[in-house]
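Chemist: A predicted structure for the sequence below; I have some questions about it.
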Amino acid sequence: MNPVDNWITLETRRQFFGRSAKGIGAAALASLVQRGKAAEGGALGGVHFPARAKRVIWLFMAGAPSQLDLFDHKPGMNDWFDKDLPESVRGGQRLTTMTASQSRFPIAPSMFKFGEHGECRKAVSELLPKTAQMVDDLAFVHTVNTDAINHDPAITFIQTGNQIPGKPSLGSWLSYGLGTMNRNLPDFVVLNCEPRGQALYSRLWGSGFLPSKHAGVAFRSQGDPVLYLSNPGGVNRDTRRLMLDRLRAMNERVYAEVGDPETHARIAQYEMAFRMQASVPELTDIRSESNSVRELYGPEVDTPGTFANNCLLARRMAERDVRFVQIFHRGWDHHSSLPNNIRRQTQEIDQPAWALVQDLKHRGMLDDTLVIWGGEFGRSIYSQGTLTKTNYGRDHHPRCYTIWMAGAGTRGGLSYGKTDEFGYNIVENPVHIRDLNATILDRLGLDHERLSLKHQGLDQRLTGVLPARVVSELQG
């Protein structure tokens, strides 16, 4: 008798199921449960209206980059150096516990030079020379605002539409509503750069009350790209194939007896995991890319876990029709020593972010790929702690900050919204986090009010129950 046949005969179904899950990949299967249904389309059965974007790549700068030192130029603040922020400007807005006890709030103008770039003459900091080269392809939104003033609720809010953990993330909503575009990879992938700064939690890319198949799959920079994807020792691919065939036969017998459609879904998921054993290693091996492409992304592109490497992987995933890719780059929480720290951060992200947009554009993929860059909130015009001409820190500022978007019909060369001379309050065209998420969904052909699921007696949706608007001005 074949040893595999003998093993299956002697093992109970539960024991066999537990053993095989370890080899095929518990992490992969957690994201792929019931994927067979999604392969036939999402819960909506299609889009609400014609979509401009097929996929999204979100470059998330965790920790909140200073818009005042990068994109929201306030040259008039040079005359205000070390003067107190007027109380009439702050207007009683919340402060964090890190600066609430300060005796004064001295204004810290950016020490970095800004230049006007592109046909749109957009002012961009000297810290981002590559980004400055593509401003005519970008739409800058200077008036994004949020309700949260601390990192965890703010990141949770922008990711899930709610400050309280437990709700589905944006990528999960897209997977649920639209389904999958490929057979061999997850719908929603998360790429974390090497650890620095605040911790990130898997609930930020979780599926909440949606089926777990819609959760993001976090790829790793060391070992198996997805945990437990490799076969265990002594099991080759032919043996794995035979085991899956036997497991399919067992499950088919169970289905014939019970008629539970989830049994067929699980069969499909094991098949998906088997295909991922071939597709994921091929995806993450960038040696097939030409030298010119690798050079485009910069010197760190061959180092796993770097922003450059992750940006190239994101493009490769987009080519393979992964619908939503999110790259988390940490270390932007600059309460002190901002000039030195922000130099390091921008050196890591400037060229790869530029390269990603150029690469997509060259391949004709920018037309239907939406690229987003930004963090969870902004930074204050006043200094936290000691202020000098060459050193300062900035506290959290939820009232207004800058993100940029590119591709999928985005109106390039646009600067949308305006802040006051202090970069502290919004003067025109506010864009709340709810508006931002509604706009992203709209670009993918989804009405944010109709993408919902009844849960705990409520019609739950990404944008919640408060008003949200699509910022149509961002579309070209």
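Modeler: The structure has been received and is ready for your questions. Numbering: from 1, shown residues only.

Chemist: For Val431, grab phi and psi.
Modeler: phi -130, psi 100 (degrees, to the nearest 10).

Chemist: what number of residues lie near it?
Modeler: Look at Val431: counted by other Cβ atoms under 10 Å, it has 23 neighbours. In short, each C-beta sits where N, CA and C put it, glycine included.

Chemist: same thing with Ile426?
Modeler: Neighbour count for Ile426, taken as other Cβ under 10 Å: 17.

Chemist: That one and Ile403, how far apart?
Modeler: 14 Å (Cβ to Cβ, to the nearest Å).

Chemist: now swap in Ala249 and tell me
Modeler: Using Cβ to Cβ, Ala249 is found at 52 Å from Ile403.

Chemist: Could you do Val89 as well?
Modeler: For Val89, the distance to Ile403 - Cβ to Cβ - is 23 Å.

Chemist: which one of those two has more residues nearby?
Modeler: Taking other Cβ under 10 Å, Val89 and Ile403 do not tie; Ile403 has more neighbours (26 against 17).

Chemist: From the chain's centroid, how far away is stretch 340-360?
Modeler: Using Cα atoms, centre = their mean, to the nearest Å, the distance from the centre of stretch 340-360 to the centre of the chain it belongs to is 16 Å.

Chemist: name the element Trp354 belongs to?
Modeler: In this structure, Trp354 sits in helix 338-362 according to DSSP states H and E.

Chemist: With Ser336 instead?
Modeler: Using DSSP H and E, no helix or strand contains Ser336.

Chemist: what about the nearest residue to it once chain neighbours are set aside, how many neighbours?
Modeler: Excluding the flanking residues, the one nearest Ser336 by Cβ to Cβ, 6 or more residues apart in numbering is Gly393, at 3.9 Å. Each residue near Gly393 was counted by other Cβ under 10 Å, and the total is 24.

Chemist: Could you list which residues are in contact with Gly393?
Modeler: Gly393 makes contacts with His334, His335, Ser336, Ser337, Leu338, Ser383, Gln384, Gly385, as judged by Cβ atoms under 8 Å, 6 or more residues apart in numbering.

Chemist: Looking at the residues you listed, which one is closest to Arg196?
Modeler: Closest approach between the contacts of Gly393 and Arg196, by Cβ to Cβ: His334, at 12.0 Å.

Chemist: Just say helix, strand or coil for the closest one.
Modeler: Secondary structure assignment for His334 (DSSP: H, G, I helix; E, B strand; the rest coil): coil.

Chemist: Just give me the neighbour total for the nearest residue to it once chain neighbours are set aside.
Modeler: Ranked by Cβ to Cβ, 6+ apart and with sequence neighbours excluded, the top spatial neighbour of His334 is Asn341, at 4.9 Å. Other residues within reach of Asn341 by the criterion other Cβ under 10 Å amount to 19.

Chemist: what residue ranges in the stretch 151-300 of the chain are flagged as low confidence?
Modeler: Scanning the stretch 151-300 of the chain for pLDDT under 70 picks out 223, 227-231, 261-262, 264-266, 268-269, 271-274, 276-278.

Chemist: how about the strands of it, start to end?
Modeler: All strands of the stretch 151-300 of the chain, identified by DSSP state E, counting those that start in this stretch, fall at 188-192, 217-219.

Chemist: just checking, what packs against the first one?
Modeler: Secondary structure elements in contact with strand 188-192, counted by 3 or more Cβ pairs under 8 Å, 6 or more residues apart in numbering; DSSP states H and E, are helix 170-178, strand 217-219, helix 307-319, strand 324-329.

Chemist: Starting from His142, give me the distance back to the residue lying closest to Asp368 once chain neighbours are set aside.
Modeler: Leaving out its chain neighbours, the residue that sits closest to Asp368 by Cβ to Cβ, 6+ apart is Lys54, at 4.4 Å. Distance of Lys54 to His142, computed by Cβ to Cβ: 28 Å.

Chemist: and these two? which has more neighbours close in?
Modeler: Neighbours were tallied for Lys54 and for His142 using other Cβ under 10 Å; the higher tally belongs to His142 (24 against 19).

Chemist: quick one: Cys120 and Asp136 touch, right?
Modeler: Yes - between Cys120 and Asp136 there is a contact under Cβ atoms under 8 Å: 5.7 Å.

Chemist: shared neighbours, these two?
Modeler: With Cβ under 8 Å, 6+ apart as the test, Cys120 and Asp136 both reach Gly412, Gly413.

Chemist: Sticking with Val56, tell me its helix or strand.
Modeler: strand 55-61.

Chemist: From the rest of the structure, what touches that strand?
Modeler: For strand 55-61, contacts defined as Cβ under 8 Å, 6+ apart pick out 170-171, 174, 181, 311, 314-315, 318, 321-329, 332, 345, 349, 353, 356, 368-375, 440, 444.

Chemist: List the contacts of the residue most central in space within the chain.
Modeler: What sits nearest the mean C-alpha location of the chain, by Cα atoms, centre = their mean, is Gln326, with 2.8 Å. Going by Cβ under 8 Å, 6+ apart, Gln326 touches Ile57, Trp58, Phe60, Gly171, Phe188, Val189, Val190, Leu191, Trp205, Gly216.

Chemist: one more time with 7 Å
Modeler: Contact analysis of Gln326 by Cβ atoms under 7 Å, 6 or more residues apart in numbering lists Trp58, Phe60, Gly171, Val190, Trp205, Gly216.

Chemist: before we move on, what about Thr146?
Modeler: Shown in contact with Thr146 (Cβ under 7 Å, 6+ apart): Ala154, Phe157, Ile158, Glu376, Phe377, Pro398, Ile433.

Chemist: Next, it: phi, psi?
Modeler: Backbone torsions of Thr146, given as degrees, to the nearest 10, read phi -140, psi 170.

Chemist: With Met405 as the reference, measure out to it.
Modeler: Noted for Thr146: a distance of 17 Å to Met405, by Cβ to Cβ.

Chemist: quick one on the thing from earlier: list the buried residues of the helix holding Trp354.
Modeler: In terms of neighbour count (16 or more other Cβ atoms under 10 Å), helix 338-362 has its buried residues at 338-339, 341-342, 345-346, 348-361.

Chemist: which helices and strands sit right next to that helix?
Modeler: Judged by 3 or more Cβ pairs under 7 Å, 6 or more residues apart in numbering; DSSP states H and E, the packing partners of helix 338-362 are helix 129-133, helix 291-297, helix 307-319, strand 369-374.

Chemist: and the ones you listed as JSON lines, adding mean neighbour count and distance to Leu210?
Modeler: As requested, the helices and strands packed on helix 338-362 are exported to JSON lines (neighbours: other Cβ atoms under 10 Å; distance: least, Cβ to Cβ, whole Å):
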{"stretch": "helix 129-133", "mean neighbour count": "19", "distance to Leu210": "35"}
{"stretch": "helix 291-297", "mean neighbour count": "15", "distance to Leu210": "34"}
{"stretch": "helix 307-319", "mean neighbour count": "24", "distance to Leu210": "21"}
{"stretch": "strand 369-374", "mean neighbour count": "24", "distance to Leu210": "21"}
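
Chemist: Please render these as a markdown table that adds distance to Pro65 to the earlier fields.
Modeler: Formatted as a markdown table, the helices and strands packed on helix 338-362 follow (distance: least, Cβ to Cβ, whole Å):
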| stretch | distance to Pro65 |
| --- | --- |
| helix 129-133 | 12 |
| helix 291-297 | 20 |
| helix 307-319 | 13 |
| strand 369-374 | 8 |
